[in-house]
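Trainee: Provided below for reference: sequence and predicted model.
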Amino acid sequence: MSEPRAPSCRHASVAIALVAALAATAGAQEREVQKHLFSSSEGKLLGFYSAALAFTAGAPSLGKGRWRMEVGLEAAYVPHLNREQRTAGSDKPQSSNLAPALPRPRLAFSLPWQVRAEASWLPPLRVFDVEANLISLALSRPIGDFAGVQLVPRIAATAGRIEGAITCNEDLTRGTSDEQVYYTAVCFGRESRDHFEPRHLSLELLGSRPMMHGRLVPFATAGVRREWLRFDIGVIRHDGTRDPDHPILTMEATRPFATAGLQWRPGPRLGTGVEVVVAPGSLVTARVLASFLFPTP
Amino acid sequence: MPHLHPSPIRPCSGSGDSITAPRRVGFAIMTVLALVLAMTACADFQSPEDPTGGLPDQLLPTPSFALDIEPMLDRRCATGGCHSPRTRQVELVLAIGESYDAIVDVESRLLPGALLVEPSNADASWIVRMISSDPAGRGGLSRMPLASTPLTPNQIDNIRTWINQGAQRN
């Protein structure tokens, strides 16, 4: 019969075993993190989705006065990508045409000193096989009229996550025989859970000029956006864990963007708008927005 | 887009007809504009595939394993989920530092009896058959690299030349 060890000795053994286990786990789960430039194929694909998710002005404020609230719904069209654009130069099959449209609820509050606060949250609901959890905030304030054009600087931030089966999508099982083998061998016969995590900080200047007694308001913006982007390739192994053999792609960039649009106000509390969003080197797309203004109590 | 029929009960001002017409026109303009813009929307970038893996693509008279063959195998085959040290598909690792010993005079797991690289005999080397276009030579198996752009003719010829010149660790 062995002699029982002293408690301090037992604690030391447990501590050493714990440290060793943690070190082994950390080593096994270590992921390669690749930094990409916007000029690379991977950077362009990341930049495309980043631009598609950007929180733009949408349309000028519907009314003046404090403590007013605007509730709106925006729908953004996400252009289709061809095979070369989807594969991002890595020459592996990827399904990144998951969501042709991005619906985004919007809220705006008129605060004192003519400050306007905007917020948007894409809740984690699965739409078009994509689950988003994205929050955006913006602050703006008019700085005056110049030749009839009202100028409004705006600062906006976005952060969150989009999850979808991009690297390994069940569509591959309906593709070529090579793609079917790829899905079985590389994807473990399961859809991937890829995470795209954009973080944005943008500064822009909005100019608008009401026409037809304020019913029609053409507007345009120009600005720059600082982007911190991360794409975590989430191939799922048989045991349900993420395959650490696939890298995490990251990109940081500062890029210009511009929008132009038209807002139509059929009534004093209702606005509908169309906005063209241009992100050079990423996309040109259109968004529609309908919003309702709640009056001051 | 929401349905924006005017309220028949309480028009904003004036007669109902005078309000209805501009509203309908406005709604129609916005709808048409949105559709036109959505149809002209596009992704503004190109990312051409690069089958060379960023390596030179030229026919070499005396390919070096360390300089020409090994980097190509690493770049095109030792990627995530494939023949990387971690995944080791069919127990084959083609990463730098490991590929030579993994292929030269090593029997194929897919075709027992065949060598992955049989020095001085490219035609009999299983690795050459797996990257070549002839499906019969692969026994109907998928061409490698799997589900992606094949190696360029120069790259395949360089592998063949290296094998036919003795598959040396040069």
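Mentor: Ah, there it is. These numbers were taken from a predicted model, which means no experiment stands behind them. Numbering: from 1, shown residues only, chains lettered A, B, ... in the order given.
Trainee: can you classify the residue most central in space within chain B by secondary structure?
Mentor: Nearest to the mean C-alpha position of chain B, counting by C-alpha atoms, centre = their mean, stands residue B:148 at 4.0 Å. Counting by DSSP: H, G, I helix; E, B strand; the rest coil, the backbone at residue B:148 sits in coil.
Trainee: go on, residue A:161?
Mentor: Following three-state DSSP, we place residue A:161 in the strand state.
Trainee: residues in contact with it?
Mentor: Residues near residue A:161 by C-beta atoms under 8 Å, 6 or more residues apart in numbering or on different chains: A:132-134, A:195-197. Just so you know, the C-beta spots here come from the backbone N, C-alpha and C atoms, and that holds for glycine as well.
Trainee: which residues of the stretch 151-297 of chain A fall in strands?
Mentor: Secondary structure of the stretch 151-297 of chain A (DSSP state E, counting those that start in this stretch): strands at A:194-208, A:216-232, A:248-267, A:270-279, A:283-294.
Trainee: so for the first one, what gets flagged as buried?
Mentor: What it means is strand A:194-208. A:194-198, A:200, A:202, A:204, A:206-208 (16 or more other C-beta atoms under 10 Å in any protein chain shown).
Trainee: same thing with the third one?
Mentor: If you call a residue buried by 16+ other C-beta under 10 Å, then strand A:248-267 has these buried ones: A:248-251, A:253, A:255, A:257, A:259, A:261-267.
Trainee: how many neighbours does the residue in the stretch 1-150 of chain A that chain B sits nearest to have?
Mentor: Per C-beta to the nearest C-beta, residue A:41 is where the stretch 1-150 of chain A lies closest to chain B, at 3.5 Å. With neighbours defined by other C-beta atoms under 10 Å in any protein chain shown, the count for residue A:41 comes to 21.
Trainee: and residue B:68, by the same measure?
Mentor: The burial count for residue B:68: 20, using other C-beta under 10 Å.
Trainee: tell me the pLDDT at it?
Mentor: On pLDDT, residue B:68 comes in at 95.
Trainee: from residue B:123, how far out is it?
Mentor: 20 Å (C-beta to C-beta, to the nearest Å).
Trainee: ditto for residue A:226
Mentor: On the measure of C-beta to C-beta, residue A:226 and residue B:123 end up 56 Å apart.
Trainee: and what of residue B:112?
Mentor: Counting by C-beta to C-beta, the gap from residue B:112 to residue B:123 is 18 Å.
Trainee: of the two, who's got more company?
Mentor: In this view residue B:112 and residue B:123 are compared by other C-beta under 10 Å, and residue B:123 has more residues nearby, 12 against 7.
Trainee: list the contacts for residue B:130?
Mentor: Applying C-beta under 8 Å, 6+ apart, the residues contacting residue B:130 are B:138, B:141, B:143-144.
Trainee: can I get stretch A:34-47 as CSV, trimmed to CA atoms?
Mentor: Provided in CSV are the C-alpha atoms of stretch A:34-47 (Å, rounded to 0.1, in the frame of the first residue of the first chain):
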residue,chain,number,x,y,z
GLN,A,34,-3.1,35.8,-42.2
LYS,A,35,-3.0,39.5,-42.7
HIS,A,36,-4.1,40.5,-46.2
LEU,A,37,-3.9,43.8,-48.1
PHE,A,38,-6.9,45.2,-49.8
SER,A,39,-5.1,44.7,-53.1
SER,A,40,-5.0,40.9,-52.6
SER,A,41,-7.8,38.6,-53.9
GLU,A,42,-8.7,37.7,-50.3
GLY,A,43,-8.6,41.4,-49.3
LYS,A,44,-10.9,42.3,-52.2
LEU,A,45,-13.5,39.7,-51.1
LEU,A,46,-13.3,40.8,-47.5
GLY,A,47,-13.7,44.4,-48.7
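Trainee: quick one: average pLDDT of it?
Mentor: Stretch A:34-47 comes out at a mean pLDDT of 90.
Trainee: likewise for stretch A:94-112?
Mentor: Averaging pLDDT along stretch A:94-112 yields 84.
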